[in-house]
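J.: A structural model of the following input is requested.
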Amino acid sequence: MTNPPIPLFLNPVAGRGRAGRHATAIRDSFAARNVPVELIESSAVGDLEQRVFDHAKSDGGLLIVAGGDGSVHETVNGILTAGTRTPMGVIPIGTGNDFAKACSIPLDWEMAASLLADRISESVPTRYIDAGKMNERFFANGVGIGFDAKINRIAEKYSWPIGDFVYLIAVLEGLWDGVITPSVKMRYGDSEYEGRITLANISNGSWVGGMFYIAPMAENDDGHLDLIVAAPVSRSRVLALLPKLIRGTHTEEADISCERITEFELHADAPVPSHIDGETQPLQTDFRIQIMPDALALL
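T.: Residues are numbered from 1 along each chain as shown. Here you go, the predicted model:
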C-alpha cells in the first residue's frame, strides 16, 4: 500500500521571494529520493498556520515546512493550537533562519532537503525540543521587547535581497531615530526589577535577526528560556555593542544581564514594540511568557 504524500507547506514570499522561486525544485528534490510530497503554498499571512492546524487536528502525521522563521512560527502555532505534537521537518529558505541555526539544520536548502528526505526514508525517530508561549501566542525561537523589536519592525519594510544584512541596516536606521528605553516592571523566578531598559530578549534559541548571537548559552531542549536584558544605553554604546552581539561576547558586559528562567512577566508604563520569532506584534504593555518543555517534535 502506497503511503499518502507528505504535505510540504511553503511560504512563497519567504526569503524576499526566494522560497517561491525554488518551490518546484524543493518539491522535485523529494521526488528524486522517492519521498512523495504534496506542495501546498500559503496565500496570505495566517494561511499557513490555518492549514497546518487543520492537518494537525486531523492527525495527518508528519509535515514539512519550507520558509523562514515566520513560516516556522505559523507552523508551531498551528500545531500547538491543535493540541498535538505533530512531527515537523524544516527546510530553511528565509532571511534570517534563526530556528534552523538553533536546531543545527543546514542553511543550504538543497542540503537540508536531502538530509530530511534521507531521515524520512530511514524512519529516523523525531527529537523533542522546547517551545514557549507569550500571552496567547506560541514561539519556537524567542521574544524581543523594546529596541530589538523596533529594529525588527524597521527591517520588515525592506525588500532588498541582501539576507541578514537587512537587520544591520535596520539597526543603523533605528539608531538615527533614537534608542528607546521604556520604563518597566519585570518579574522572573525570585527576582523583580523596576526601571528603564533598552531591551528584554527571551530566548529559546541562540540567534536573532540572522546575524546576532544574542543568547550563546541558549539550548532549545534544556527546559529553560534565557533572559537577556540591556540597561538603558546611548547610541554610541549600541554601536560599541554591535560587534559583540554578532560574536556573542556581549554577555560579559556590565550593562547586560543574563538569567535562566521558566517564567517571565513584564509590565511597561506605555505600549512598547515586541516581536515573536521575528514577527512584529501590536504595541502592548503586558507580557506573560513561559516555557513549554518538549512541546515540539522535530525530524
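J.: and the closest residue to residue 223 other than its chain neighbours, helix, strand or coil?
T.: Nearest-residue entry for residue 223: residue 293, 4.5 Å, with adjacent residues in sequence omitted and distances by Cβ to Cβ, 6 or more residues apart in numbering. C-beta coordinates here come from the backbone N, C-alpha and C atoms, glycine included. Three-state call for residue 293 (DSSP: H, G, I helix; E, B strand; the rest coil): strand.
J.: residue 293 and residue 4, how far apart?
T.: 31 Å (Cβ to Cβ, to the nearest Å).
J.: same question, residue 58
T.: As for residue 58, its distance to residue 4 is 12 Å (criterion: Cβ to Cβ).
J.: pLDDT on stretch 142-157, on average?
T.: Throughout stretch 142-157, pLDDT has a mean value of 76.
J.: ok, stretch 228-246 next?
T.: On average, the pLDDT along stretch 228-246 is 87.
J.: got the buried residues for it?
T.: Across stretch 228-246, burial judged by 16 or more other Cβ atoms under 10 Å covers 228, 229, 230, 231, 232, 233, 237, 238, 241, 242, 245, 246.
J.: which of the residues you listed sit farthest apart?
T.: For the buried residues of stretch 228-246, the maximum inter-member distance is 21.6 Å, found between 232 and 246 (Cβ to Cβ).
J.: thinking again about what came up before, compare residue 293 and residue 4 (neighbour count), which wins?
T.: Neighbours were tallied for residue 293 and for residue 4 using other Cβ atoms under 10 Å; the higher tally belongs to residue 293 (13 against 10).
J.: per-residue pLDDT, that one?
T.: Note on residue 293: pLDDT of 98.
J.: right, and it touches residue 130 too?
T.: Yes - using Cβ atoms under 8 Å, residue 293 is in contact with residue 130, at 5.3 Å.
J.: name the residues contacting each of those two.
T.: Taking Cβ atoms under 8 Å, 6 or more residues apart in numbering as the contact criterion, the residues that touch both residue 293 and residue 130 are residue 223.
J.: strands of the stretch 151-299 of the chain, residue ranges please.
T.: Counting by DSSP state E, counting those that start in this stretch, the segments of the stretch 151-299 of the chain that form strands are 183-188, 191-196, 199-203, 225-230, 256-261, 263-272, 274-276, 279-280, 284-298.
J.: closest to residue 76 out of the ones you listed?
T.: Residue 76 lies closest, by Cβ to Cβ, to one member of the strands of the stretch 151-299 of the chain: strand 284-298, at 6.5 Å.
J.: buried set for the closest one?
T.: Judged by neighbour count (16+ other Cβ under 10 Å), strand 284-298 contains these buried residues: 287, 289, 291, 292, 295, 296, 297, 298.
J.: cool, and stretch 188-207?
T.: 188, 197, 198, 199, 200, 201, 202, 203, 204, 205, 206, 207.
J.: and these as a markdown table, adding distance to residue 218 and pLDDT?
T.: Listed next are the buried residues of stretch 188-207 as a markdown table, based on distance: Cβ to Cβ, whole Å; pLDDT from 0 to 100:
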| residue | distance to residue 218 | pLDDT |
| --- | --- | --- |
| 188 | 15 | 97 |
| 197 | 19 | 95 |
| 198 | 19 | 90 |
| 199 | 16 | 92 |
| 200 | 14 | 96 |
| 201 | 10 | 96 |
| 202 | 10 | 97 |
| 203 | 5 | 97 |
| 204 | 7 | 98 |
| 205 | 6 | 97 |
| 206 | 5 | 96 |
| 207 | 9 | 92 |
